[in-house]
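Engineer: let's see this in three dimensions:
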Amino acid sequence: MFDRKRREFITLIGGVAGTWPLAAYAKPSIPMIGLLGSESLSLWASRMPAFHQGLSETGYVDGKNVAIEYRWAEGHNDRLPALAADLVRRQVSVIAAPGSTPAALAAKAATSTIPIVFWVGGDPIELGLVTSLNRPEGNLTGVTTLNHGLVAKRMELLHEAVPAMRSIAVLVNPTSPTLTKTTIEDAQAAAHSLGLELHILNASTESDLDEVFAKLTQLQAGGLVVGTDAFFSGRLEQLAALSVRYAVPTVYQFREFAAVGGLMGYGGSLAEAFRGTGVYSGRILKGDKPGDLPVQQVTKLELYINLKTAKALGLDFPLPLIGRANEVIE
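Structural biologist: Numbers count the residues shown, from 1 in each chain. You can find the predicted model right below:
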């Protein structure tokens with residue numbers, strides 16, 4: 001009799017325990033950051049330490065008291081809406097969208113409640129991300145390097161390096177309509193100021209890039225400015241190799257472009273931008289509201305020149321331009 005009741009009691013306890021919430025056994029949950037990128041992890045690998053540094057300055061360490069879920073579009077902007085929606089379903093605490101206007105816009109379209117920290121190269125107001133830089137309101141804030149707004153400056157640098165040029169081309173990705181529109185507008189104003197004929201070329205696939213450089217030869221363009229876009233950022237080596245093969249002086253926003261053989265890289269400090277994105281992500285995890293955090297502007301601009309490529313292109317770089325470079329690659 002006693003053994004039968006004892007067995008019934010053990011069975012009852014086991015059944016009740018099976019219905020207890022799993023949270024009763026699990027460790028306390030930690031906040032999760034969803035990182036949404038247009039490019040790939042391999043491209044951002046050297047820059048992520050700056051993002052983690054920013055997080056650590058607010059007391060957060062990945063794998064210790066915060067987790068990071070990565071979603072990479074691999075240069076395909078059309079994948080971003082689904083990736084953003086997936087992060088929303090996972091109920092991440094913050095969405096970080098570094099270095100990509102399309103990613104920031106996709107995150108904004110996916111949620112009006114989850115805080116979003118962006119890093120973009122253009123004006124966040126013009127891009128429709130915030131209504132004010134000082135008080136963004138809503139659920140978005142972040143960092144701008146104004147790299148996109150540096151299209152005119154890149155054109156000036158090319159003209160300084162190749163003073164005999166009479167025409168210049170700008171390469172844009174038509175699958176990024178917002179960036180394309182503002183890039184073309186800035187380029188038109190700069191070309192008019194410099195007295196240069198302007199050609200607008202489009203590319204959104206690798207095969208397009210070969211056609212673009214073949215067309216540059218036909219147009220006899222004196223140089224090429226690559227518009228800021230994730231698709232181009234993921235193909236730096238191909239762009240650099242084509243620019244040398246077709247003897248077209250080319251400038252892009254990253255040091256990496258010059259490092260792999262491109263003529264020049266010019267843009268805002270990526271380390272500063274990634275660190276700022278990490279800091280703001282951490283501050284929001286601590287309770288700050290994104291609408292109360294002013295959009296930061298990266299003020300440090302960096303110029304990189306590859307003199308080996310200049311020699312291959314037959315260019316004699318002006319000494320004042322070389323003197324202004326943060327790094328000369330030889």
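
Engineer: contacts only, for the residue nearest the centre of the chain.
Structural biologist: For the chain, the residue nearest the mean C-alpha position is residue 99 (1.5 Å; C-alpha atoms, centre = their mean). Neighbour list for residue 99: 37-39, 44, 119-121, 230, 233, 270, 273-274 [criterion: C-beta atoms under 8 Å, 6 or more residues apart in numbering]. All C-beta spots, glycine's among them, are computed from the backbone N, C-alpha and C.

Engineer: do that again at 6 Å, thanks
Structural biologist: Contacts for residue 99 (C-beta atoms under 6 Å, 6 or more residues apart in numbering) come out as residue 119.

Engineer: ok, now how distant is it from residue 164?
Structural biologist: Residue 99 sits 34 Å away from residue 164, going by C-beta to C-beta, to the nearest Å.

Engineer: how about residue 289?
Structural biologist: Note on residue 289: its distance to residue 164, by C-beta to C-beta, is 54 Å.

Engineer: cool, residue 190 as well?
Structural biologist: Residue 190 is 18 Å from residue 164, by C-beta to C-beta.

Engineer: next: residue 51.
Structural biologist: According to C-beta to C-beta, residue 51 and residue 164 sit 42 Å apart.

Engineer: between the two, tell me which one has more neighbours.
Structural biologist: Applying other C-beta atoms under 10 Å to residue 51 and residue 164 shows that residue 51 carries more neighbours, namely 26 against 6.

Engineer: surely that one is in contact with residue 274?
Structural biologist: Yes. Here residue 51 reaches residue 274: they are 4.5 Å apart, a contact under C-beta atoms under 6 Å.

Engineer: any stretches of the stretch 151-300 of the chain with poor pLDDT?
Structural biologist: The model of the stretch 151-300 of the chain has no residue with pLDDT under 70.

Engineer: strands of that one, residue ranges please.
Structural biologist: 167-172, 197-202, 224-226, 250-252, 264-268, 296-297 (DSSP state E, counting those that start in this stretch).

Engineer: need those strands in TSV with distance to residue 146 and mean neighbour count, can you?
Structural biologist: Below are these laid out as TSV (distance: least, C-beta to C-beta, whole Å; neighbours: other C-beta atoms under 10 Å):
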stretch	distance to residue 146	mean neighbour count
strand 167-172	17	23
strand 197-202	21	16
strand 224-226	15	29
strand 250-252	15	28
strand 264-268	6	26
strand 296-297	7	18
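
Engineer: out of those strands, the one nearest residue 90 is which?
Structural biologist: The closest of those to residue 90 is strand 296-297. By C-beta to C-beta, the value is 26.9 Å.

Engineer: sheet-wise, list the partners of the closest one with their directions.
Structural biologist: Using DSSP bridges, strand 296-297 pairs in its sheet with strand 140-144 (parallel).

Engineer: buried ones in stretch 182-191?
Structural biologist: The neighbour-count check on stretch 182-191 (16 or more other C-beta atoms under 10 Å) flags 182-184, 186-187, 190-191 as buried.

Engineer: what would these look like in JSON lines with distance to residue 322?
Structural biologist: Shown next, in JSON lines, are the buried residues of stretch 182-191 (distance: C-beta to C-beta, whole Å):
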{"residue": "182", "distance to residue 322": "30"}
{"residue": "183", "distance to residue 322": "27"}
{"residue": "184", "distance to residue 322": "30"}
{"residue": "186", "distance to residue 322": "26"}
{"residue": "187", "distance to residue 322": "25"}
{"residue": "190", "distance to residue 322": "22"}
{"residue": "191", "distance to residue 322": "25"}
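
Engineer: wait, what's in contact with residue 143?
Structural biologist: By C-beta under 6 Å, 6+ apart, the neighbours of residue 143 are 119, 273, 276-277, 296.

Engineer: any chance of those residues in TSV with distance to residue 237 as columns?
Structural biologist: Below are these laid out as TSV (distance: C-beta to C-beta, whole Å):
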residue	distance to residue 237
119	23
273	22
276	28
277	26
296	31
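
Engineer: out of those, which one sits closest to residue 204?
Structural biologist: Once C-beta to C-beta is applied, the member of these that ends up nearest residue 204 is residue 119, at 22.5 Å.

Engineer: so that closest one sits in a helix?
Structural biologist: No. Counting by DSSP: H, G, I helix; E, B strand; the rest coil, residue 119 falls outside a helix, being strand.

Engineer: does it touch residue 273 like I think?
Structural biologist: Yes. Using C-beta under 6 Å, residue 119 is in contact with residue 273, at 4.9 Å.

Engineer: which residue ranges of the stretch 51-200 of the chain form helices?
Structural biologist: 80-89, 101-110, 151-161, 177-194 (DSSP state H, counting those that start in this stretch).

Engineer: so which of those comes closest to residue 300?
Structural biologist: Nearest of the helices of the stretch 51-200 of the chain (C-beta to C-beta): helix 151-161, 14.1 Å.

Engineer: please tell me how far the closest residue in space to residue 158 that isn't next to it in sequence sits from residue 110.
Structural biologist: Leaving aside its sequence neighbours, residue 158 sits nearest to residue 223 (C-beta to C-beta, 6 or more residues apart in numbering; 4.0 Å). The gap separating residue 223 from residue 110 is 38 Å, by C-beta to C-beta.
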